[in-house]
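J.: A predicted structure for the sequence below; I have some questions about it.
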Amino acid sequence: MPCVGIIANPVSGKDIRRLVAHGSVFDNQEKVRIVRRLLTGLEAAGVTRVWYMPDEYAIVPRAVQGVTTALDLAEMPIMAKGNQCDSIAAGQWVGQHEVDAVIVLGGDGTCRAVAKKNNGKTPMLPISTGTNNVFSYMIEATIGGIAAGLIATEKVPVSAGVYRSCQLDVLLDNTLVDMALVDVAVYNDRFIASRAIWDMEKVTQLFLTRCRPDSIGLSAVGGQLAEVSPQEHRGLYLQLKDSAKQKVTAAIAPGLLRNVGVSHWHFMEVGESVNVEASRCVLALDGEREVSIKPDQSAMIRLSADGPLVIDIRKTMSYAQKNQIMVTTTGS
């Protein structure tokens, strides 16, 4: 039976950047409505079973209240803790079971959490409900559900509608300890504290897997200098310095513009590693401080081509249109 997983993060889109910037708030009732539309699209594409991550707000169970559906819905048998560990555990569970595609509701941080322990074989459809949404799509959920369903049912082959994303590996003393999907920032501070990044004066190095001039978040800095598409297997490295002659104006969060000095930048090739220059700092992964570097540790960031499989909505729907998958003819 074609099977899809749904991982809806109830706390995405609610971090401190709502206070220091002007980000929108995705309340959980809106996530319920998004899931309801996803389910409609999945069913139309021929999906029969949905596994979903349990959460304290019961997003998926609320979505099916008062709705007639033939989908067989089941809760993933994981222990919900009400934090990022839920998304990590759900991503791991999906990777260990016969799930044909997984839909993730959240921002870049949620997608990273899901991808961390996934086996990299499950095509992911990231739907934006977070703060900085570079990895995830701003897309109507009905279309997202159809696209994920077409991949899950194999009506659209993986080769036609899915790409392999790059990721940034974090190595401490030559040991892989973490990863990021979009960006790694070297933050000149000792403490993880509130996690989110908004003070660019403390960022000294920036690593990106993708960037566009119309991006939001830290990748917007690189996006004003060059463009790297999600499908490309290369990245961008920048050295930042307030006194640099070259200044970039970028939207590092919704409604928050900053002038950032860039002293050097170059494209990174797959397999390339760059040393973290600060002797004591914090690494922010996909916009959130996660890893503390001690003075006696050596750290480097490596561009890897082994990121998650991602469903390309446009290519998937284009293949369906060319092959008339969603078209039926009756009568003579």
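T.: Yep, that arrived.
J.: Rounded mean pLDDT for stretch 278-293, please.
T.: The predicted model assigns stretch 278-293 a mean pLDDT of 91.
J.: try stretch 300-311
T.: Computed over stretch 300-311, the average pLDDT equals 98.
J.: List the buried residues for that stretch?
T.: 301, 302, 303, 304, 307, 308, 309, 310, 311 (16 or more other CB atoms under 10 Å). Using the backbone N, CA and C atoms, a C-beta is placed for each residue, glycine as well.
J.: Which of those fall in strands?
T.: Residues of the buried residues of stretch 300-311 located in strands (DSSP state E): 301, 302, 303, 304, 309, 310, 311.
J.: Thought residue 172 was touching the first one, still the case?
T.: No: the pair formed by residue 301 and residue 172 falls short of the contact definition of CB atoms under 8 Å, at 10.8 Å.
J.: What helix or strand is the residue lying closest to residue 84 once chain neighbours are set aside located in?
T.: Residue nearest to residue 84 in three dimensions, not counting chain neighbours: residue 113, with 5.1 Å by CB to CB, 6 or more residues apart in numbering. Following DSSP states H and E, one finds residue 113 within helix 108-116.
J.: helices or strands up against that helix?
T.: When contacts are defined as 3 or more CB pairs under 8 Å, 6 or more residues apart in numbering; DSSP states H and E, helix 108-116 packs onto helix 84-96, strand 101-106, strand 124-128, strand 175-180.
J.: average model confidence for the longest one?
T.: pLDDT averaged over helix 84-96 equals 95, rounded to a whole number.
J.: Report the angle between it and helix 108-116.
T.: For helix 84-96 against helix 108-116, the angle by axes from the mean of the first three to the mean of the last three CA atoms, to 10 degrees is 40 degrees.
J.: and the angle for helix 84-96 with strand 124-128?
T.: Using the same axes, to 10 degrees: helix 84-96 against strand 124-128 is 150 degrees.
J.: Same question for the last one.
T.: Between strand 175-180 and strand 124-128, the angle comes out at 50 degrees (the same axes, to 10 degrees).
J.: Which residues does stretch 47-58 contact?
T.: Stretch 47-58 is contacted by residues 1-10, 28, 31, 39, 42, 59-60, 70-76, 78, 80, 82, 86-87, 90, 93-94, 97, 99, 148-149, 152-153 when judged by CB atoms under 8 Å, 6 or more residues apart in numbering.
J.: what's the spacing between residue 172 and residue 178?
T.: Distance, residue 172 to residue 178, using CB to CB, to the nearest Å: 9 Å.
J.: what does residue 196 give?
T.: 17 Å.
J.: quick one: which of these two has more around it?
T.: Neighbours were counted for residue 196 and for residue 178 using other CB atoms under 10 Å; residue 196 has more, 21 against 16.
J.: Quick check: the more buried one touching residue 287?
T.: Yes: counting by CB under 8 Å, residue 196 touches residue 287, with 6.5 Å between them.
J.: For this protein, name the helix or strand with the lowest mean pLDDT.
T.: helix 17-20 (a mean of 46; mean pLDDT, DSSP states H and E).
J.: Next secondary structure element downstream of that helix?
T.: Scanning forward in sequence from helix 17-20 by DSSP H and E, the next helix or strand is helix 28-45.
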